[in-house]
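Provide a 3D model corresponding to the input given below.
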Amino acid sequence: MSKKTKDRLQLGKINYLLLLLATILLAVGYFIMSYNEIVISPVVLVIVYLILIPFALLYQPKKR
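Numbering: from 1, shown residues only. Here you go, the predicted model:
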């Protein structure tokens, strides 16, 4: 395997923490949805799916 394919997705500690936060918020969103809350849960889920998960995967900290 070439070095280019190995280095394709470099996730650091911050990325994994953001993905963990996204997983927790997804669980919370679906839990809220189970109580027939049709205003809050879709907002939470849309924010997680469209903003937090892509940000967690694409974020690269600045190199010193």
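
C-alpha only now, for contacts and for neighbours.
Will do.

Next, count neighbours for the residue nearest to P42 when sequence neighbours are not counted.
Leaving aside its sequence neighbours, P42 sits nearest to G29 (Cα to Cα, 6 or more residues apart in numbering; 7.3 Å). For G29, the number of neighbouring residues by other Cα atoms under 10 Å comes to 20.

Do you know the pLDDT at G29?
The model reports G29 with a pLDDT of 96.

Show the contacting residues for it.
Contact partners of G29, counting by Cα atoms under 8 Å, 6 or more residues apart in numbering, are I40, S41, P42, V44, L45.

Now with 7 Å, please.
S41, V44, L45 (Cα atoms under 7 Å, 6 or more residues apart in numbering).

how far away is L18 from V39?
Note on L18: its distance to V39, by Cα to Cα, to the nearest Å, is 24 Å.

L45 now?
11 Å.

same thing with Y16?
The value you get for Y16 to V39, if Cα to Cα is used, is 29 Å.

could you measure I32 against R64, distance?
When I32 is compared with R64 (using Cα to Cα), they lie 42 Å apart.

More neighbours: those two, which one.
Neighbours were counted for I32 and for R64 using other Cα under 10 Å; I32 has more, 17 against 3.

So P61: helix, strand or coil?
Assigned with DSSP: H, G, I helix; E, B strand; the rest coil, P61 falls in the coil class.

typo on my end, it should be L21
helix.

Now do the residue minimising distance to the centre of the chain, the pLDDT please.
Nearest to the mean C-alpha position of the chain, by Cα atoms, centre = their mean, lies I53 at 2.6 Å. The score at I53 is 96. That number is its pLDDT.
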